[in-house]
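Enquirer: Task: produce atomic coordinates for the following.
(chains A and B)
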There are 2 protein chains.
Amino acid sequence: MSPSPLTDFSRLCVHTITTKPWVIEEAMDRYAAADVGGITVWRQWLEGRDPESIGEKLRSRNLEIVSLCRGGFFPSDSDAGLAAAIEDNRAAIREAAALGAPMIVLVCGAVPGQPLEDSRKQIADGIAAVVPLAEEHGIRLAIEPLHPMYADDRSAINTLASANEVCDRLDHPLVGIAADVYHIWWDPDLADQIRITGEKDRLFAFHVCDWKTPTSDFLNDRGLMGEGCIDIPGIRALVEAAGFSGFNEVEIFSDRWWAQDQDHFLTEIKKAYLEHC
Amino acid sequence: MSPSPLTDFSRLCVHTITTKPWVIEEAMDRYAAADVGGITVWRQWLEGRDPESIGEKLRSRNLEIVSLCRGGFFPSDSDAGLAAAIEDNRAAIREAAALGAPMIVLVCGAVPGQPLEDSRKQIADGIAAVVPLAEEHGIRLAIEPLHPMYADDRSAINTLASANEVCDRLDHPLVGIAADVYHIWWDPDLADQIRITGEKDRLFAFHVCDWKTPTSDFLNDRGLMGEGCIDIPGIRALVEAAGFSGFNEVEIFSDRWWAQDQDHFLTEIKKAYLEHC
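Expert: Residues are numbered from 1 along each chain as shown, chains lettered A, B, ... in the order given. From the prediction side, this is the model:
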C-alpha cells in the first residue's frame, strides 16, 4: 500500500528531543529556517522558561505547536504515587494550555511486577481524573501504546488494541491515540486496529522513526527513517486511509545522531522524510 | 491464579545454553548429580559428537531428553536461502531422531524489511516441507513465538495468536507451540491464547526465565526466575489449566550468570525453581 508521496515539509513536525543538544530557542530558530511545519515540545525544554512566551515565539516563527510531550506514568503501588501522577498530569495540561499546544502525548506508565491489567485500570482512572481540566482548556490526551519491550516499567499499554480498549472505557472525545511506528510496526493486527482507531475518531497523532537491525540500546538507538526495517509509507497509508491528515512527527532518540552536528541531522531528517515516509 | 507449588525437580528441565560454559558431557553429569529431570540440547552442543551416543549417555543418567533446540529460520529473500533452510531443518530432525529427542523448538526467522506476513507464509511453507520427515521419525515441531523486539530478524511470529494462526494453517498433530514466558508475558491476550493453544492440543513446551528491569542487552540479559517482573506462577497456572503437564524448561541467556561458577548457578536455578515458578 503506497500513500501519496510527501513533497514538502508543511506536515513535518520535529520533536525537540530529536535534536536533543538544542535548547528550545535554538530548536525553534533552526526548525523555522528549515521550513519545518510543526514542533512537539518536550516538557524538559520548558524548564526555566515561561510557556506562554515560548508559545508566542513558536507561533511568530510559523511553527505549529503539535503537542506537548509527555504526560502519563499513572500507575503506582501507593495512593500517594497515584495522586502525585494525577497532579503532574494536571500541571502538564496547564503547561499545554499556556504554551498553546492542543494535545498532550501520554506515556502511560507501568510498575514492575504489578499486573498489567491493574496498571491499565489505574491508567484509565488517572486519565478520567484529569479529563475535566483537559475539557476546561480543550486539550486532547493521546495515549501512546509503547512497544512490549517497555511493558515492565514504561507502559502497560503495548498494542493499539489495548489503547483502544482503554479509550472505549473512557469514551471521551478528548481521549485518543498517538500511533508511533516504532512501537506498533510488528503488530499482526496493525491494519485492523488502525482502521478501528480511525473509525472511532481517535487517531490523534502519528510518529515516525525506524527500527535498526541490530538495535543496541533499549531507549536511545532509534533509526532515522530509512535506516531500518519499518515500512513507514505502508503505515502512513493505513493511517491516512483511516482519516488521519495531521503531522508526521519525527521522534528519534539516538545517541549516535545526537553526537553529530544537529544542522546536518536536520538536513538528513528532511531528506529521509521525503524519501522514506 | 496460583498453581500447585513445585516440590521436586522431576519436571525441571535445563537448556544446555543456560549453563553455556559447560560442554555436553559436563552438563549431563552436573544436571544428573543435581537431580534435574530433563535436558533440552542445543544443536551447538552436539558439534563434533555422535548424537546417538550422546542420547544413550543422557538416558543412562536418567535425564529425559525434552527437545532439540533449535530449528527454524525459514524466511529468506532468495530461493536458495529458502531451500537451504528446509535442508537444515531436515538435518535437525535427523539429529533429534538420533539423539532420541521427541521435539524440536523452532525459532522461525524473519528477514529485515520483508513484510512479516510474507515471512509467516514462508515459515508455514517451510514447516510443511519438513513435516513428512518429522512424521517418519515421530518428531514434534514446536513453534516458539518470539518477543516483538525480535520481529526484525529472528521471528515473524511474535504472539501466541500468530503462532496459533500458523498452526491452524498447517493443521497437523506434530506441529504445535513452545510458550516461553520471556516472549509472551506482556500479551494482553495471554490467558485466552494459552487456553486456545491447549484446546487444540498443541501446547508442546513451556520455558521459564525472567524479565529484568532494566534489561541491558537484547539477547543475553535474561533474569533467573524471581529476578524480574514476570508472574511465572500465574502463567504456569494458565498452561496447566490448559492441560500442559510437561517439563518447566529453564532457558536463560545471561552474560552475567555465565560469568559465574556454573555449579553455583545451578544451585540458584533449583532454589528459584521452587520459589518462583
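Enquirer: use CA for all of it now, contacts and neighbours both
Expert: Fine.
Enquirer: any weak-confidence spans in the stretch 101-250 of chain A?
Expert: Counting by pLDDT under 70, the stretch 101-250 of chain A shows no low-confidence range.
Enquirer: need the residues of it near chain B, please.
Expert: A:112-114, A:116-117, A:147-149, A:151-153, A:158, A:162, A:186-188, A:211, A:213, A:215-218, A:228-231 (C-alpha under 8 Å from any C-alpha of the partner chain).
Enquirer: what do you get if the cut-off is 10 Å, keeping everything else the same?
Expert: Counting by C-alpha under 10 Å from any C-alpha of the partner chain, the stretch 101-250 of chain A comes close to chain B at A:111-117, A:147-153, A:156-159, A:161-162, A:183-189, A:211-218, A:228-231.
Enquirer: Do a quick rundown of the helices in the stretch 51-200 of chain A.
Expert: A:51-60, A:79-99, A:116-137, A:160-170, A:181-184, A:190-199 (DSSP state H, counting those that start in this stretch).
Enquirer: quick one, the fourth one and helix A:116-137 angle?
Expert: With axes from the mean of the first three to the mean of the last three C-alpha atoms, to 10 degrees defining the directions, helix A:160-170 sits at 60 degrees from helix A:116-137.
Enquirer: returning to that earlier point: now mean neighbour count too, for the helices of the stretch 51-200 of chain A, in JSON lines please.
Expert: Output for the helices of the stretch 51-200 of chain A, formatted as JSON lines (neighbours: other C-alpha atoms under 10 Å in any protein chain shown):
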{"stretch": "helix A:51-60", "mean neighbour count": "17"}
{"stretch": "helix A:79-99", "mean neighbour count": "19"}
{"stretch": "helix A:116-137", "mean neighbour count": "19"}
{"stretch": "helix A:160-170", "mean neighbour count": "20"}
{"stretch": "helix A:181-184", "mean neighbour count": "22"}
{"stretch": "helix A:190-199", "mean neighbour count": "18"}
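Enquirer: Distance to B:Pro21 added to those helices, as TSV?
Expert: Below are the helices of the stretch 51-200 of chain A laid out as TSV (distance: least, C-alpha to C-alpha, whole Å):
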stretch	distance to B:Pro21
helix A:51-60	57
helix A:79-99	44
helix A:116-137	36
helix A:160-170	41
helix A:181-184	35
helix A:190-199	41
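Enquirer: circling back to that earlier point, in PyMOL, select just the buried ones from the residues of the stretch 101-250 of chain A next to chain B.
Expert: Applying 16 or more other C-alpha atoms under 10 Å in any protein chain shown to these, the buried members can be selected in PyMOL as follows:
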select buried, chain A and resi 111+112+114+115+116+147+148+149+150+151+152+153+156+157+158+159+161+162+183+184+185+186+187+188+211+212+215+228+229+230+231
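Enquirer: Mark which of the residues of the stretch 101-250 of chain A next to chain B are part of strands, please.
Expert: Per DSSP state E, strands hold no members of those.
Enquirer: So which residue is smack in the middle of chain A?
Expert: The residue lying closest to the centre of chain A (C-alpha atoms, centre = their mean) is A:Val105, at 5.1 Å.
Enquirer: Hmm, it is touching A:His15, no?
Expert: No: counting by C-alpha atoms under 10 Å, A:His15 is not a contact partner of A:Val105; they are 11.6 Å apart.
Enquirer: just to revisit the earlier point, now do the same contact list for the residue nearest to the centre of chain A.
Expert: A:40, A:42, A:67-72, A:140-144, A:176-178, A:204-205 (C-alpha atoms under 10 Å, 6 or more residues apart in numbering or on different chains).
Enquirer: Just the buried ones from the residues you listed, in ChimeraX syntax?
Expert: The ChimeraX selection below is limited to those of these classed as buried (16+ other C-alpha under 10 Å):
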select /A:40,42,67,68,69,70,71,72,140,141,142,143,144,176,177,178,204,205
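Enquirer: So out of everything in the stretch 51-200 of chain A, what residue is nearest chain B?
Expert: A:Gly113 (4.2 Å; C-alpha to the nearest C-alpha).
Enquirer: I figured A:Ile269 hits A:Val14, correct?
Expert: Yes: between A:Ile269 and A:Val14 a contact is recorded at 9.1 Å, counting by C-alpha under 10 Å.
Enquirer: Now do the shared contacts for the two.
Expert: A:Val250, A:Ile252.
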